[in-house]
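> A predicted structure for the sequence below; I have some questions about it.
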Amino acid sequence: MQNTIKSSITFTGQGLHSGHAVSVTLHPAAAESGIWFRRTDVDSEVGYIKAHWDAVNASQLCTLLVNEHGVSLSTVEHIMAALAGCGVHNVMIEVDANEVPILDGSAAPFVEKILAAGIVAQNAPVRAIEVLRSVVVDNGRGSARLDPAQEMSIEFTIDFDAAAIGRQNKVLKMANGAFIKELSDSRTFCLASDVDAMHAAGLAKGGTMENAVVVDGADVLSPGGLRHADEAVRHKMLDAMGDLMLAGGPILGRYTGIKSGHALTNLLLRKLFSDPENYRMITCDDAVSENLPGSGIDSSDLLRSYS
């Protein structure tokens with residue numbers, strides 16, 4: 001069945017790229033409503049933004065949604081990943097700025113409060129997007145593809161010159177709490193050499209050593225080091241999960257990213273939906289639902305507190 005949250009949840013923090021203080025509140029929503037954002041700092045009639053692949057605009061280093069009135073909201077990928085991993089299908093998210101707060105740079109703080117608030121089943125079936133034909137996009141630097149599969153799985157490969165990251169590969173089936181246990185606490189990362197360039201481009205104004213992993217060659221500069229030896233590739237999988245959630249429903253298929261990012265994943269969704277022969281919508285019975293993100297989750301899947 002479709003799910004929403006039992007009660008409203010509020011987060012406060014700082015925008016990673018804008019540096020602005022932000023407050024976000026998640027509210028329960030009716031079955032079949034999907035996921036919507038509402039900018040509370042603009043006129044109410046123009047502030048609604050649907051969390052959907054065709055609202056994504058080109059941006060650097062994050063996922064940016066823009067509605068028909070030109071109202072935008074950036075850095076939605078971590079909260080979208082948290083909702084996907086917790087199996088939440090319907091929610092209204094109020095934001096009082098133009099960017100979702102970065103919190104600790106991962107999805108774990110969102111997951112922790114969603115699980116604490118509770119998830120409630122609704123009287124409507126889940127409809128999933130079943131991939132029927134392989135779809136691939138390639139920009140010459142990286143690639144992303146979707147292949148038919150009986151469950152949702154993600155494989156990702158990254159390759160960085162910095163020895164603290166290097167070449168990493170990971171594959172996960174996303175059912176049975178895998179997102180929460182394996183990916184949700186992995187933080188965004190960057191190279192120390194890129195920080196000045198990002199600042200010059202007006203990005204990462206709110207970035208700190210506490211909300212991003214910064215590496216310099218073989219050294220991890222952020223206090224406490226890494227949460228996982230392969231935290232970087234896990235975070236890229238987290239981002240992919242959030243961007244795939246913009247499909248409008250859970251995906252039954254295998255996503256493979258090779259040095260991919262937000263833009264390529266969105267291009268992949270656009271290519272998937274460009275041809276009705278590539279996919280079909282199915283109503284999920286219990287057996288299918290067991291293979292989707294959000295199935296079999298428990299609060300103990302989050303191994304420690306991230307509040």
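Received, thanks.

> and the host helix or strand of Ile129, what other elements does it pack with?
Using DSSP states H and E, Ile129 sits within strand 127-131. Applying 3 or more C-beta pairs under 8 Å, 6 or more residues apart in numbering; DSSP states H and E, we find strand 127-131 packed against strand 251-258, strand 279-283. For the C-beta atoms, the positions are set from N, CA and C on the backbone; glycine is no exception.

> Partner strands of that strand, with direction?
Neighbouring strands of strand 127-131 in its sheet, by DSSP bridges, are strand 251-258 (parallel), strand 279-283 (antiparallel).

> right, and the helix or strand after that strand?
strand 135-138.

> related to what we said a few turns ago, which one of the helices and strands packed on strand 127-131 has the most crowded surroundings?
Most buried of those by mean neighbour count (mean count of other C-beta atoms under 10 Å) is strand 251-258; its value is a mean of 23.

> and the residue positioned nearest the centre of the chain, how far is that from Val215?
By C-alpha atoms, centre = their mean, the chain has its centre lying nearest to Gly242, at 2.0 Å. Distance from Gly242 to Val215, counting by C-beta to C-beta, to the nearest Å: 22 Å.

> Need the residues that contact stretch 237-244.
63, 76-82, 84-85, 106-107, 144, 154, 156, 170, 172, 174, 179, 183-184, 186, 251, 255, 257, 260-262, 265-266, 269, 293 (C-beta atoms under 8 Å, 6 or more residues apart in numbering).

> follow-up on the earlier one: now tabulate the strands paired with strand 127-131 in JSON lines and tack on mean pLDDT and distance to Gly225.
JSON lines is the format used below for those (pLDDT from 0 to 100; distance: least, C-beta to C-beta, whole Å):
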{"stretch": "strand 251-258", "mean pLDDT": "97", "distance to Gly225": "25"}
{"stretch": "strand 279-283", "mean pLDDT": "97", "distance to Gly225": "41"}
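
> Quick one: closest of those strands to Gln14.
Proximity to Gln14 (C-beta to C-beta) singles out strand 251-258 among the strands paired with strand 127-131, at 27.8 Å.

> picking up where we left off before, what does the strand holding Ile129 rub up against?
146-149, 247-254, 272, 278-284, 288, 292.

> mind redoing it with 6 Å?
Strand 127-131 is contacted by residues 146, 148, 247, 249-253, 279-284 when judged by C-beta atoms under 6 Å, 6 or more residues apart in numbering.

> Next: stretch 9-27.
8, 75, 91-97, 99, 101-103, 113, 117, 203-207.

> Restricted to buried residues, select those in PyMOL.
Buried residues among the contacts of stretch 9-27 (16 or more other C-beta atoms under 10 Å), as a PyMOL selection:
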select buried, resi 75+91+92+93+94+95+96+97+99+101+102+103+113+203+204+206+207
